[in-house]
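Chemist: Sequence and predicted structure below; questions after.
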Amino acid sequence: MLPQAGLAGMMGMAGSSNVQGEDQKKLDLVANEVFKNSLRRSGQCCILITEEEEEPIFIEEPHRGDYVVVFDPLDGSSNIDCGVSVGTIFGIYKAKNPGSGNYSLEDVMRPGTEMVAAGYCMYGSMSYMMITTGKGVAGFTLDPTLGEFVITHPKVQVPSRGPIYSINEGNAVNWDAATKKYVEACKAGTYNNGKPYSLRYVGSMVADVHRTLLYGGIFMYPADKKNPKGKLRVLYECFPMAMLVEQAGGKAITGTQRSLETMPDSIHDRAPIYLGSKEEVELIEMFKREM
Ligand code: AHG
Ligand code: MN
Ligand code: MN
Ligand code: MN
């Protein structure tokens, strides 16, 4: 679907907007339909939560199963028309009363610590898939000749440090003091023997997190004056990425607490996030406590 997007007239705007207040891309809608239909046909799901639909989708018999799937069908969609990597992010909860036939929002509005699985696909120069079921992170690469994902990263480990910081510097004027102090320290190399960090920011969360998982460093989307709760969505962006990073030996915080321990207040709730190498995240955590 994605590699031929440019040829299949799939680029550009759909002419509609979503509950997030974003103008939807054609591929946002196509990806949303593809995943909804596949998940429904799997017979494993009872509730679907997608970035592109305002309300939860309750799956009826005979297709109903015991899993809640929260997903961002197309992450980084602002990058589609210029061919930069985009992806899909998902998290899975097991229903609180499996087999009961009665499912409600109580099966969804839960801390990320109750997720049983999480992962993402990234569609770029290669198509990658990173998955965790709570026993570490495994990475797969699509072999187009086979049409299968083959395991290429059997046990992903985030380096404990990494001289790469990833943040939208365009928001710098709105950052809180701790974020400003940490970014200044990255630029000065204060905690890196005077050697400045590199800034890498793709603008697709999947791509920025994928690089952070493999190379180390820190990805940040702070709250700021413009976005008091940050921009990224708790259920289908922050929680899955936080679970993956923790399972790979890294850390993920909102700034004041562990991301996975937060409780979403709505299905499209947002939260600030700082994730990546343990020592990098602990540094900003220290600044947050001090300031
Ligand atoms: P989506 O395309 O699913 O709406 O997500 C976009 C998100 C995320 O992918 C990325 O990290 C962030 O938006 C970039 O936001 P800015 O353009 O404000 O930096
Ligand atoms: Mn979007
Ligand atoms: Mn997204
Ligand atoms: Mn999206």
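Modeler: Nice, thanks for sending it over. Ligands and ions are numbered 1, 2, ... in the order given.
Chemist: going forward, measure contacts and count neighbours with C-alpha atoms only.
Modeler: Will do.
Chemist: Flag every residue of the stretch 51-200 of the chain that's near ligand 1.
Modeler: The stretch 51-200 of the chain has residues 72, 74-78, 168 near ligand 1, with proximity defined as CA under 6 Å from any ligand atom.
Chemist: let's go with 5 Å and repeat that
Modeler: 75-77, 168 (CA under 5 Å from any ligand atom).
Chemist: Now cross-check those residues against ligand 4 and list the overlap.
Modeler: Restricting those to those adjacent to ligand 4 (criterion: CA under 5 Å from the ion) gives Asp75.
Chemist: In strands, which of the residues of the stretch 51-200 of the chain next to ligand 1 fall?
Modeler: Among these, the members falling in strands (DSSP state E) are Asp75.
Chemist: Lowest pLDDT pick from the residues of the stretch 51-200 of the chain next to ligand 1?
Modeler: Within these, pLDDT reaches its minimum at Ser77, with 93.
Chemist: I'd guessed that one sits against Asp28; true?
Modeler: Yes - Ser77 is in contact with Asp28 according to CA atoms under 8 Å; the separation is 6.9 Å.
Chemist: Show me which of these two is the more surrounded one.
Modeler: Ranked by neighbour count (other CA atoms under 10 Å), Ser77 and Asp28 place Asp28 first, with 23 against 20.
Chemist: any idea how far the more buried one lies from Gly124?
Modeler: Distance, Asp28 to Gly124, using CA to CA, to the nearest Å: 16 Å.
Chemist: does any part of the strand or helix carrying Val206 sit near ligand 1?
Modeler: Val206 belongs to helix 205-215 when assigned by DSSP states H and E. Yes - applying CA under 5 Å from any ligand atom, one finds helix 205-215 touching ligand 1 at Met205.
Chemist: Get me the contact residues on this protein for ligand 4.
Modeler: Residues of the chain lying near ligand 4 (CA under 5 Å from the ion): 72, 74-75.
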